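In: Mind folding the following:
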Amino acid sequence: MNICQMRMKDYLPQHAAEVFGSAGKHDYPHLIAAVAPLLIGKPVADVVHLLPMHILVPWAIYQVQWAVSLTKSLSLHPNMHNGSWVGDYDTECIQKIFQVQAQLPKNISFTSSRYSFPRIL
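Out: Numbers count the residues shown, from 1 in each chain. You can find the predicted model right below:
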């Protein structure tokens, strides 16, 4: 890892999107993998203008995979009705989420010819 990559890490998590874009532009796959979990919850529209073209499709696919996994996990919560929470978010919910995540395919990551976005959990 060179000095530039190490210095870019100093700007995390406050400037994760900018670091992600620069890491893609300068081909720092380890830095991309480190920043990806920090951006997974951000809408693609908030990040797209910072990303180089060769990262856009892999990033969008990776983000959609995690959104689907989260939706599936949360839909199993007994207090989730019609997309709204009823009651408290409790340990039972967390246990169910972990159970679902354990059953998810192990390939919820996206590997393009140049980059591999990591599993978050």
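
In: In the protein, what helix or strand scores lowest on average pLDDT?
Out: strand 110-111 (a mean of 50; mean pLDDT, DSSP states H and E).

In: Where do the helices of this protein begin and end?
Out: For the chain, the helices defined by DSSP state H occupy 3-9, 16-25, 29-39, 44-47, 53-75, 91-103.

In: for the second one, packing partners?
Out: Helices and strands in packing contact with helix 16-25 are listed as helix 3-9, helix 29-39, helix 44-47, helix 53-75; criterion 3 or more Cβ pairs under 8 Å, 6 or more residues apart in numbering; DSSP states H and E. Backbone N, C-alpha and C define where each C-beta goes, glycine included.

In: and Gly24, how many neighbours does it have?
Out: Gly24 has 24 neighbouring residues, counting by other Cβ atoms under 10 Å.

In: Please name the residues that touch it.
Out: 32, 51-52, 54-55, 115 (Cβ atoms under 8 Å, 6 or more residues apart in numbering).
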